[in-house]
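> Fold the following for me, if possible:
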Amino acid sequence: MFPLHIMKTKHVLFGFLALMAGLIVFAAIFKEEFAALLNRPALRGHALFVHVLAATLFFANAVLGMILERRSLASGGKEAILHTYNTVAWIDARISSPLIVLSLISGLMLSFILGDLWEIGWLSTGFVLFMLSGIFWVVGDIPTQYKVKRLMAGLDAGDRTLPEELIKLLKLRWWISLAGVAPLVIVFILMVYKPDMPGLSALFR
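Presented below is the predicted three-dimensional model:
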């Protein structure tokens, strides 16, 4: 059995995943209602503030988590590695997850205010890259995270070192995190410089 704090983290994480899935389903089924709900020009300033703040904090959390995990692995200390991993997992569930939801909702609101998302080159490309980062997170990071927790739950308190399988998974998680963070760097560049480029809709004409 997982410790209580791990189970709580799991429930929080899956709660936010369910919320994001619900938003996607709602947007797919009720397109006009979804657009009307978010197309609020009067709230543009507020949406921009929330979007910039949430995206920046999410990116900072992701990068800081990678640095902390890398440093703890380099130390080789069992307690340091376990404490760092548990802290990063707690931050992912309780801070990064709601920041992703806020970034997505506020970003979509801004896109509806600006016009057709798929007609604006930097915006459509940035949105796809943001989704790509999320795919890395859902497909790669979450499954390995629970494999790590399962191995951690079976650790013997008397062991002074961690199993090689666990160390390999933690190292793999670092590379998955890097793959998820890399697209966000390009997204930030697109958000700031807004280059004149064709929208992704041009690819399907």
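> dump the residue contacts of the residue at the greatest distance from the centre of the chain.
Most distant residue from the mean C-alpha position of the chain: Gly158, 34.9 Å away (C-alpha atoms, centre = their mean). Neighbour list for Gly158: empty [criterion: C-beta atoms under 8 Å, 6 or more residues apart in numbering]. For the C-beta atoms, the positions are set from N, CA and C on the backbone; glycine is no exception.
> ok, so what distance separates it from Met152?
Distance, Gly158 to Met152, by C-beta to C-beta, to the nearest Å: 15 Å.
> Give me the buried positions along the longest helix anywhere in the chain.
In the chain, assigned by DSSP state H, the helix with the most residues is helix 44-75. Applying a neighbour-count criterion of 16 or more other C-beta atoms under 10 Å, one finds 47, 50-52, 54-55, 58-59, 61-62, 65-66, 68-70, 72-73 buried in helix 44-75.
> Over to stretch 138-154?
Buried, per 16+ other C-beta under 10 Å, within stretch 138-154: 140-142, 144-145, 148-149, 151-152.
> What of stretch 73-87?
73, 81-82, 84-86.
> For Ile105, give its distance to Asp196.
Noted for Ile105: a distance of 27 Å to Asp196, by C-beta to C-beta.
> The chain: helices as residue ranges?
4-29, 31-38, 44-75, 78-91, 97-114, 121-135, 142-153, 164-193.
> Let's have those in a markdown table, adding mean pLDDT.
Output for these, formatted as a markdown table (pLDDT from 0 to 100):
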| stretch | mean pLDDT |
| --- | --- |
| helix 4-29 | 71 |
| helix 31-38 | 84 |
| helix 44-75 | 93 |
| helix 78-91 | 89 |
| helix 97-114 | 89 |
| helix 121-135 | 90 |
| helix 142-153 | 82 |
| helix 164-193 | 92 |
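> of all these, which lies closest to Ser201?
Among these, helix 121-135 comes nearest to Ser201, with 7.1 Å by C-beta to C-beta.
> Give me the helices and strands touching that closest one, please.
With contacts defined as 3 or more C-beta pairs under 8 Å, 6 or more residues apart in numbering; DSSP states H and E, helix 121-135 has these neighbours: helix 97-114, helix 164-193.
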